[in-house]
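J.: Structure of the sequence below:
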Amino acid sequence: MSFEFKRMLMVKEQLQGRDVKDKRVLDAFLNVPRELFVLEEYKDRAYDDSPLPIGYGQTISQPYMVAKMTELLDLNEDDILLEIGTGSGYQAAIASRLCKHVYTVEIIPELVDFAKSNLKKAGIKNVTVILGDGSVGLKDYAPYDKIIITAATESVPEELFEQLKVGGYLVVPEGDRFTQWLKRYIKLEEGKIVSEDYSACVFVPLRGKKGFK
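T.: Down below sits the predicted model:
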């Protein structure tokens, strides 16, 4: 079975077969080869309905979870997105198809190199991968239209709300080390923040100054 066929099957069964309806998101998944973002020994499992190890205690998230988080971001063509936790670069690659630019911060140097290599192989040029502590955000290019945190956090660091534009969305798995709830925060006028709850999930813990101790 070819990767192309597996990719189409993934979109049909794992995404459309659940509750992912945004055509732009579905098209992005059809156009980004997931096999380029996994370790060589897992290439045959690239389209499994599950997360996969990428080394250093980290994973590439389950395709459905990547899709759901992307859909919740509601990305527009002119949006600048900040991603906290680059991993293999797959989430950034998907988002890059839907927005103007992605700045993504990764705390593990080896994964910075892995993600850069993967994005280059995929021919993606509107993603900037930065080595740093994403738990305090990335002031350099703030404010951002949208922010996504791809690791579990007990609560969203205040720095990230400060770096989010008014009207912007922040999508995050929030909870303890073992189970989290997928949430979307919306920043309103005068700094007011409202939240929406979606579904239970499990992510690796956020590292860094404002991550899990």
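J.: in this structure, which strand has the most residues?
T.: In the chain, taking DSSP state E as the definition, the longest strand is strand 164-175.
J.: Quick check: what element follows that one along the chain?
T.: Where DSSP states H and E defines the elements, the next helix or strand beyond strand 164-175 is strand 180-187.
J.: Which other helices and strands does that next one contact?
T.: Strand 180-187 sits against helix 63-73, strand 164-175, strand 193-201, with contacts defined as 3 or more CB pairs under 8 Å, 6 or more residues apart in numbering; DSSP states H and E. Where you see a C-beta, it was placed from the backbone N, CA and C, and this is true even at glycine.
J.: got the angle for the second one vs strand 180-187?
T.: Translated: strand 164-175. Here strand 164-175 runs at 170 degrees with respect to strand 180-187, directions being taken by axes from the mean of the first three to the mean of the last three CA atoms, to 10 degrees.
J.: export strand 164-175 as PDB, just CAs?
T.: Extracted in PDB, the C-alpha atoms of strand 164-175 (Å, rounded to 0.1, in the frame of the first residue of the first chain):
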ATOM      1  CA  LEU A 164      -1.600  36.900  21.600                       C
ATOM      2  CA  LYS A 165      -3.500  39.600  19.700                       C
ATOM      3  CA  VAL A 166      -6.900  40.800  20.700                       C
ATOM      4  CA  GLY A 167      -9.400  38.500  19.000                       C
ATOM      5  CA  GLY A 168      -6.800  35.700  18.700                       C
ATOM      6  CA  TYR A 169      -7.100  32.000  19.700                       C
ATOM      7  CA  LEU A 170      -4.800  29.900  21.800                       C
ATOM      8  CA  VAL A 171      -5.300  26.100  21.600                       C
ATOM      9  CA  VAL A 172      -3.800  23.900  24.400                       C
ATOM     10  CA  PRO A 173      -4.000  20.600  26.200                       C
ATOM     11  CA  GLU A 174      -4.400  21.600  29.800                       C
ATOM     12  CA  GLY A 175      -4.400  19.500  32.900                       C
END
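J.: Between helix 63-73 and it, find me the angle.
T.: Our comparison of strand 164-175 with helix 63-73, counting by the same axes, to 10 degrees, yields an angle of 150 degrees.
J.: Buried ones in strand 164-175, by neighbour count?
T.: With burial defined by 16 or more other CB atoms under 10 Å, the residues of strand 164-175 counted as buried are Leu164, Gly168, Tyr169, Leu170, Val171, Val172, Pro173, Glu174, Gly175.
J.: and the gap between Val11 and Lys21?
T.: 12 Å (CB to CB, to the nearest Å).
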